[in-house]
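A.B. asks: with the input below, show me the fold.
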Amino acid sequence: MAFNTQPVLETDTVILYPLRSEDFEALYQTAADPKIWEQHPNKDRWRKEVFKTFFDGAMASKGAFKIVDKNTNDIIGSTRFYDYDATNNNIFIGYTFYATAYWGKGINKNVKKIMLAYAFEEVQEVLFHIGAQNLRSQIAIERIGAKKIGEEVVAYFGEPTRQNFVYSITKDDWINFNTNANGNFSQPA
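C.D. replies: Residues are numbered from 1 along each chain as shown. Prediction:
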């Protein structure tokens, strides 16, 4: 059975819905803040024409989500599964961004928690590309137990290639991380 890269996923604060073409304008309203992209590899994604290319890549990935605040029903960001590899039993999570009003509120941790729990039902490893200059995301991914395993030039859909760090978290590492005092996630089913 093929891995479903666009289920509906839900936490106590957000719902991840499969991204649809009709979500462009609402998602762009979130993405139009230049502060979101300051540390990202492609810093001008706040510009509508650049974001349109990013959005087209999200749609082509067939693994992208809009992240919706359960209290307000507002679209507050996006993320995706991509590059599922059945042979190597892994998948990537990335291309994540949030409205700045949601920074520092545990949203990213909750989103990654539900995505990891879902992914680990099928795969043994989840990988992340993090821009080499994106310290904010590097710190966030390390806080959930991922480890830097390499560096790679990433070819973005319709955008210039950029240097990224590759982070990994295995199912076993994730379970171990979440059973010690530092982790706050429940274990995957």
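A.B. asks: list the buried residues in the helix or strand of the chain with the lowest mean pLDDT.
C.D. replies: When each helix and strand of the chain is scored by mean pLDDT, DSSP states H and E, helix 171-179 comes last, with a mean of 84. Burial within helix 171-179, assessed by neighbour count using 16 or more other CB atoms under 10 Å, is assigned to K171, W174, F177, N178. For the C-beta atoms, the positions are set from N, CA and C on the backbone; glycine is no exception.
A.B. asks: elements contacting the top strand by length along the chain?
C.D. replies: Longest strand of the chain, by residue count under DSSP state E: strand 75-85. Secondary-structure packing of strand 75-85 (3 or more CB pairs under 8 Å, 6 or more residues apart in numbering; DSSP states H and E): helix 24-31, helix 48-61, strand 64-69, strand 90-98, helix 107-119.
A.B. asks: what angle sits between the last one and strand 64-69?
C.D. replies: Put plainly, it is helix 107-119. Orientation of helix 107-119 against strand 64-69 (axes from the mean of the first three to the mean of the last three CA atoms, to 10 degrees) gives an angle of 130 degrees.
A.B. asks: I'd like to know which elements helix 107-119 is packed against.
C.D. replies: strand 9-10, strand 14-18, strand 75-85, strand 90-98, strand 125-131, helix 135-143.
A.B. asks: again, only this time at 7 Å
C.D. replies: Judged by 3 or more CB pairs under 7 Å, 6 or more residues apart in numbering; DSSP states H and E, helix 107-119 is in contact with strand 9-10, strand 14-18, strand 90-98.
A.B. asks: residues of stretch 41-58 that come out buried?
C.D. replies: Buried, per 16+ other CB under 10 Å, within stretch 41-58: P41, N42, R45, W46, V50, F51, T53, F54, F55, G57, A58.
A.B. asks: quick check: the gap between the closest residue to D69 other than its chain neighbours and I107.
C.D. replies: What sits nearest to D69 in space, not counting adjacent residues and going by CB to CB, 6 or more residues apart in numbering, is I76, at 5.0 Å. Remark: distance between I76 and I107 (CB to CB, to the nearest Å) = 7 Å.
A.B. asks: what sits opposite the residue nearest to L127 when sequence neighbours are not counted in the beta ladder?
C.D. replies: Closest residue to L127 apart from its sequence neighbours, by CB to CB, 6+ apart: F92 at 4.8 Å. Beta-bridge partners for F92, by DSSP bridges, are Y82, L127.
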